[in-house]
Every structure is written in structure tokens, then in C-alpha cells.
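**Q** sequence first, predicted coordinates after that:
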Amino acid sequence: MLRDATPTDVGRLYAEHSARVHRWTSRFFPRDEAEEVVHEIFVKVLERIEGFRNDASPTTWLYRLTINHCLNRLRNATRRAELWQEQGSAAPWLVPTSAADQEPRTFLQQFWRQLDDELVTVAFHYFVDGMTHAEIARIHGCSARTVGNRIERLRVLAAAAAGYTHEETTP
Amino acid sequence: MTSPSNPPIDAGEVFTRQGHLTMLALDRFECGELSTAAVDCIVTHLGECTACAERLALVHETPPLRPPASPRTSSGSRWASAVLATGLAVAATVALAVWLQPQQASRAPLNDGLHNASAYTTTAEPELAALLEDRIALRVMAGGRELREGNRVAPTETLRLEIEAAAPGFVALLVTHDGDEDALFDGSGTGEADGAYAWTPLTDVHELDERLTWTHTYSPEGSHASRSTSERLWALWCAEAFSLRDLDRLMQGEGHDCVYETHEFSRSPASRR
């Protein structure tokens, strides 16, 4: 579909996927802002259309681009300050999906801004999307083992943070 | 976890760890991007799982997005214009190539002590403006000659930078070094490429009527004085006032109506005038 893509193809991509991308961005931002973010994302789509060419799934490519862009936008210092005012320190996208993995989720809630981009993105797919290592690996173009290592690293950080908090709050 | 009945597909590609279909799988299902085996698996699951069937209904109900129709400086406008103008795709590719260049640098702590600069002066001689199609021009002078892209200069040579804008705005000067381990730091949280790069501001943000002139001296220490490095100067211009804290975002074209100009050369002990 996207081989030898042109801006016209990007236009078609926009027609076919913009509503979907908007649904994804709405997980992170209020409606109006989410729409603006959609347009930002399609600017990136145009810039990176060469990267589209050999991708078997435009939806997967767009999804990865969207999640990365949204997380990076949230990390922006100005936006971070606004969110801090609006919602406290909570990560707005970190909505509960299950009681499992509570400790890493709590850790993410508190420290996600301090983690590197790749770890946060992998953590998003794992803890928010509930994806398996294999699916995350497919999206990121890495091995499932690499994804597993990232998740394990997050668990270690979470445990360390929990221990630190416990010691600090125990008389 | 619900096991898919059709073994040719990898269940991990469509199911969450809790045994439901991932939202991405539902979207790909909706777009017809999945294999026949995966589609069969999903259809079977949807017949058994009301939660996933309801989520698929949400996918169906996604309202169409309004077409972009924003002010000139908004992303929507930029996107719409870009789609209409094939040439912009080429420009974006070139800009992206420029943008990616400093990401090749190594990760190391910032060392502000390597740079110093004199006070700036402004003039009202828009000599370059007539030559501009873009809104900003960066000219780099060394010892009375204008440096061209890729020229070499001595490691400690003082450069004179001239920045001229075709419209009033605000400007900051930045520098990045490639191949100098101590001159760069890891600029995190920027873009998908997630490379290591950072802007070392030479100036604060200055209001620019027509031209900004700045003298820049690089003061390498230790082994840096005898090593060749690639130095790239950047002039970031925005129509609105901005903060250096927002550099990463602004250099990616977010938030303000901003453009940048860049000039790369090498600092080499073997440089000859």
C-alpha cells in the first residue's frame, strides 16, 4: 500500500487513519488537544514517509509513531508543568487495567518522566496495552528477550524505589 | 489466557496477557491487515468474549476527525499545506537529515566551560534579507573570510556569527560538537530516534529586529585541543518569545512558529588559512 509513497498517499493515509489516530491520542489528551496532536503526527508521517515503505502494517507503524509522539509531548517541560497543575504527578495515560503488576505501575506513575524514552514506551505497551513481549518486540523491531529485559529492569527499579520509600516512611 | 484455536498465528500478536484482544489487533482487524488465520482466530474470540466485542464496537463508532483548518502557524495548517505541496516532502527529508546529524554524537556530560562568547550587538543593515526566501540566515566569518559548509578552522579560532531574519522575532544561538566526548550530553525525551544530542546555548534568547552579531570562541581543554572535531552552529528563530528550556521541542517545530539555520565546519589543528 505504501510502497513508493507520495504526499497523495499520505493524504489517503490521513483519510483512512486520522480518526483512529485521534482515538489513540485521546488516551493522552483532551479532545481539542488530541486533534492538534493528530495533525502533528501526520506532519511527522509526511517527513518520515520513507520509513513507511517497507512496513507491512501501516496501522502498527502509525500506532508506534503515535505513542512515541504522545509520550514525548507529555515529557515536554511546559506541558509537564501544566499537567502537574491539572492532575498532580500522575501519568494521565496510566489507567488501571488489572491488579497485576501493581508495583511497577505505581513506580511508573511516580517516575515515568525520569525514565528513558524506550523504557517508558515499552512499559506503556506492557502495562497499559497489556501486550505480550512478542507483540511489543514486533512493534519495536527488537527481540522479545530485549523487551523482557526492559520489563525486568523496570521491575528492579520499582522494587528499589518501593524499598527506598518504605525505609523513608518507617520510623 | 484464551488460546487461539488456529495455530499458524502467534497468539502473542493479537492477545493481551489477560487473554483479550489488544486494541491494536482490533484496529488491524478493522483495517484488514491481518492474515486469514488471525482473522479467523479473532472472529472466534469475538463470538466468545463480550468485552472484546464491545471494544470492537467502540472501534466501529470512532467519529471522523475534522479536516485540519487552523491558523497559518498551526500544525494542522502545516500538515495540510504539506500534503498539497510535494516539494515540501523533499524539504522535510533534507531537514530531517540535518536534524539527525547531531544524534551521531556520543553521550557524555555537558561541559559549558568549553564555550565563551562576547556581548552581542545589533545593526540595522538587512543586506542578507534580499537574498532570503526563508526567514533566517546564518553567516559564519573567520579571520575576515566567510566560512563555507565543511571548511576547517583552528581549534581556538574566534568566529563571528551573523544572524539575520526577514521578520522581527526572537533568536538563540546554539552549538553542537561531533566526535568530542566532553562537549555533548544526552538530550533525552526528544523524538522517535531517541539519539544522543544536545544544544549548547551560546546565547540567551534575544529579540531580533534585523541582525544579531556574535563572537564565538571555542576553548578546548586537554586532549581536545589536539583533536579534530566537527562543530555545528545553529540559529533558532521564533516569531514569539521562547525559553531555552523549550529548545528540544522548538527545534522539532512544535509550539511556536520557528525555523532554524545551521552551519557545519571542522575544528582541526591542521587548519590553514
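**A** That came through, no problem. Numbers count the residues shown, from 1 in each chain, chains lettered A, B, ... in the order given.
**Q** lowest-pLDDT helix or strand in chain A?
**A** Counting by mean pLDDT, DSSP states H and E, chain A has its least confident helix or strand at helix A:77-87, which shows a mean of 55.
**Q** likewise for chain B?
**A** strand B:115-117 (a mean of 30).
**Q** show me the shaky parts of the stretch 151-273 of chain B.
**A** By pLDDT under 70, the low-scoring segments of the stretch 151-273 of chain B are B:177-199, B:210, B:218-227, B:252-256, B:269-273.
**Q** which residue ranges of it form helices?
**A** Using DSSP state H, counting those that start in this stretch, the helices of the stretch 151-273 of chain B run over B:247-251.
**Q** same question, chain A
**A** For chain A, helices defined by DSSP state H occupy the ranges A:7-25, A:31-47, A:49-52, A:58-75, A:77-87, A:102-111, A:117-123, A:133-140, A:144-169.
**Q** got the buried residues for the fourth one?
**A** Think helix A:58-75. By neighbour count with 16 or more other C-beta atoms under 10 Å in any protein chain shown, helix A:58-75 contains the buried residues A:58-75. Any C-beta I mention is one placed from the backbone N, CA and C, and that applies to glycine too.
**Q** if we check chain B, which of those are in contact?
**A** By C-beta under 8 Å from any C-beta of the partner chain, the members of the buried residues of helix A:58-75 lying near chain B are A:P58, A:T59, A:T60, A:Y63, A:L65, A:N68, A:H69, A:N72, A:R73, A:R75.
**Q** A:I136 against A:H125, yeah?
**A** Yes: counting by C-beta atoms under 8 Å, A:I136 touches A:H125, with 4.6 Å between them.
**Q** show me what contacts B:C31?
**A** B:C31 makes contact with A:E16, A:H17, A:P58, A:T59, according to C-beta atoms under 8 Å, 6 or more residues apart in numbering or on different chains.
**Q** just give me the closest of those to chain B.
**A** Proximity to chain B was ranked across the contacts of B:C31 by C-beta to the nearest C-beta; first place goes to A:T59, at 4.9 Å.
**Q** pLDDT score for that closest one?
**A** A:T59 is assigned 90 on the pLDDT scale.
**Q** equivalent analysis for the one 3 residues further on, please.
**A** Predicted confidence (pLDDT) for A:L62: 91.
**Q** that one contacts A:V21, doesn't it?
**A** Yes: contact criterion C-beta under 8 Å: A:L62 and A:V21 qualify, at 6.0 Å.
**Q** so what sits against both of these two?
**A** Between them, A:L62 and A:V21 share the neighbouring residues A:I41, with contact defined by C-beta under 8 Å, 6+ apart.
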